[in-house]
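K.L.:
below are the sequence and a predicted model; questions follow.
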Amino acid sequence: MASDAAELHLGLISGTSADGIDVALVRFEGAHCALVKGHTFPWDAALRERLVALGQGGHANSLDELGGLDVQIAHAFADAALALLERAHAAPRDVRSLGSHGQTVRHRPQAAHPFTWQLGDGNVIAERTGIDTVADFRRRDVAAGGQGAPLVPAFHAAMLHDAHEDRAVLNLGGIANFTLLPAVGDVRGFDTGPANALMDAWCDRHLGTPYDAHGAFAARGTVDAALLARLRDEPWFATPPPKSSGREQFHLAWVEARLSGDESPEDVQATLLELTATTVVDALRATQPATRRVLACGGGVHNPHLLARIAAHLPGVHVESTAAHGLDPDFVEAMAFAWLAREALAGRPGNVPAVTGARGPRVLGVVYPRQD
């Protein structure tokens, strides 16, 4: 059982879009969880450019480059953690643990030798912060035959389950994923396909901005039905769960291979947004058709055009932010990795085998203890 004593834990994640390092300082007291302070810290521009390139299938120049990136990322995470503690007027000694997701540079759970790789050396983070650090959460699940993703459903279930209605938590990050929370029955979860990753990349190319603020670029365009059909024809969408994906699969080259060449940039953006909306809805209808409430989190919550399109395809279903249920949508994933670190230190499993496909529950993460 969880201790009733109040504890502070830190969670850090940089997601598929690599648009910043999300840091959450979380207070746990028994089953109760509260965000004390959250902030997103920007990446160094040159480092982010390299991480995005690697994440969508680019090749590393050398083992030396990967080793250096592992340390650079760790220092960036440590800087972000310490900066947040300063903003929160807290000291490292006040924090029981730090859970670091790291930065995914490759995710290949279906390879001949399955693996997933997140950079950001936990040794460096523990040394820099002086906090017990838990990192490398995903690889144990993959070693047990799972996808290594998504890992947040266990946290969603602990915080957002309701015994009176079927719910789904929709994370709209670089990749979209669902956690299915039936009123009665097992928790399930899986990736549904691209969310912000493709729209952000297309927006950056044509507007020079890192994302489509409020969905305005997409709202100027018209959905190209023929292009949408070609995009939706991707076999991955028809693959049953458990499944996960990333930038290495859904990237601009994947989009460009399906363009006819005469589409306007705004029409492509509108079509990419509709791709996200329709694949999300298709996945929900196929797996939990009785869902009455969708709780959205992640950066896509700030795209009202995207939320409106999802809601339009789900008549009779309430589509709302997790904020309505006490969880800041910008920091749900960072809070989850604080929770996963807490579970690891307590020796409790952090995965949901029905979600990832692992052979059974596993304690996730490697502990890098602080040294006094």
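P.N.:
Yep, that arrived. Numbers count the residues shown, from 1 in each chain.
K.L.:
which strand in this protein runs the most residues?
P.N.:
strand 95-108 (DSSP state E).
K.L.:
buried ones in stretch 147-159?
P.N.:
147, 148, 149, 150, 151, 152, 153, 154, 155, 156, 157, 159 (16 or more other C-beta atoms under 10 Å). (Glycine included, C-beta is placed from N, CA and C.)
K.L.:
which of these lies closest to residue 280?
P.N.:
Closest approach to residue 280 among the buried residues of stretch 147-159 (C-beta to C-beta): residue 150, at 13.9 Å.
K.L.:
can you tell me the SS state at the closest one?
P.N.:
Of the three states, residue 150 takes coil under DSSP: H, G, I helix; E, B strand; the rest coil.
K.L.:
what's the burial count for the nearest residue to it once chain neighbours are set aside?
P.N.:
Distances taken as C-beta to C-beta, 6 or more residues apart in numbering place residue 177 nearest to residue 150, at 4.7 Å, with adjacent residues excluded. For residue 177, the neighbour count with other C-beta atoms under 10 Å is 26.
K.L.:
now residue 177: phi and psi?
P.N.:
In terms of degrees, to the nearest 10, the main-chain angles of residue 177 are phi -150, psi 150.
K.L.:
from residue 193, how far off is residue 235?
P.N.:
As for residue 235, its distance to residue 193 is 12 Å (criterion: C-beta to C-beta, to the nearest Å).
K.L.:
okay, those two: which has more neighbours?
P.N.:
More crowded of residue 235 and residue 193, by other C-beta under 10 Å: residue 193, with 25 against 6.
K.L.:
contacts only, for the spatially closest residue to that one that is not a sequence neighbour.
P.N.:
Once flanking residues are discounted, residue 193 sits nearest to residue 279: 4.3 Å by C-beta to C-beta, 6+ apart. Residue 279 makes contacts with 176, 192, 193, 194, 232, 237, as judged by C-beta atoms under 8 Å, 6 or more residues apart in numbering.
K.L.:
select the longest helix from the chain.
P.N.:
helix 63-87 (DSSP state H).
K.L.:
re earlier: residue 191 is in contact with the residue nearest to residue 150, correct?
P.N.:
Yes - between residue 177 and residue 191 there is a contact at 4.5 Å, judged by C-beta atoms under 8 Å.
K.L.:
give me the common contacts of those two.
P.N.:
Joint contacts of residue 177 and residue 191 (C-beta under 8 Å, 6+ apart) are 149, 150, 244.
K.L.:
tabulate those residues (TSV), appending distance to residue 51 and pLDDT.
P.N.:
Below are the shared contacts of residue 177 and residue 191 laid out as TSV (distance: C-beta to C-beta, whole Å; pLDDT from 0 to 100):
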residue	distance to residue 51	pLDDT
149	18	89
150	20	89
244	19	89
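K.L.:
which one among these gets closest to residue 138?
P.N.:
For those, the residue nearest residue 138 by C-beta to C-beta is residue 149; the value is 6.4 Å.
K.L.:
pull out the buried positions in stretch 360-370.
P.N.:
Quick answer for stretch 360-370 (16+ other C-beta under 10 Å): 362, 363, 364, 365, 367, 368, 370.
K.L.:
return the distance of that stretch from the chain's centre.
P.N.:
19 Å (C-alpha atoms, centre = their mean, to the nearest Å).
K.L.:
hang on, the earlier thing: tell me the mean pLDDT for the longest strand of the chain?
P.N.:
Per-residue pLDDT over strand 95-108 has a mean of 94.
K.L.:
just the CA trace of that strand, in PDB.
P.N.:
Extracted in PDB, the C-alpha atoms of strand 95-108 (Å, rounded to 0.1, in the frame of the first residue of the first chain):
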ATOM      1  CA  VAL A  95      12.200  15.700  -3.200                       C
ATOM      2  CA  ARG A  96      11.900  12.000  -2.700                       C
ATOM      3  CA  SER A  97      12.600  11.000  -6.300                       C
ATOM      4  CA  LEU A  98      12.900  12.200  -9.900                       C
ATOM      5  CA  GLY A  99      11.400  10.200 -12.700                       C
ATOM      6  CA  SER A 100      13.000  11.000 -16.100                       C
ATOM      7  CA  HIS A 101      11.500   9.700 -19.300                       C
ATOM      8  CA  GLY A 102      14.400  10.900 -21.400                       C
ATOM      9  CA  GLN A 103      14.200  11.700 -25.100                       C
ATOM     10  CA  THR A 104      13.200   8.900 -27.500                       C
ATOM     11  CA  VAL A 105      15.500   8.600 -30.500                       C
ATOM     12  CA  ARG A 106      14.300   5.300 -31.700                       C
ATOM     13  CA  HIS A 107      11.300   3.000 -30.900                       C
ATOM     14  CA  ARG A 108      11.400  -0.400 -32.600                       C
END
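K.L.:
now that strand against helix 63-87, angle please.
P.N.:
150 degrees (axes from the mean of the first three to the mean of the last three C-alpha atoms, to 10 degrees).
K.L.:
quick one: strands adjacent to strand 95-108?
P.N.:
strand 7-14 (parallel), strand 115-119 (antiparallel), strand 133-135 (parallel) (DSSP bridges).
K.L.:
can you give me the helices in the chain?
P.N.:
Counting by DSSP H, the helices of the chain are 45-55, 63-87, 122-129, 139-143, 153-160, 196-207, 216-219, 225-232, 252-256, 265-287, 304-312, 332-345, 353-356.
K.L.:
out of the ones you listed, which is closest to residue 181?
P.N.:
helix 153-160 (6.0 Å).
K.L.:
the closest one packs against which elements?
P.N.:
strand 167-172, strand 175-181, strand 188-194, helix 332-345 (3 or more C-beta pairs under 8 Å, 6 or more residues apart in numbering; DSSP states H and E).
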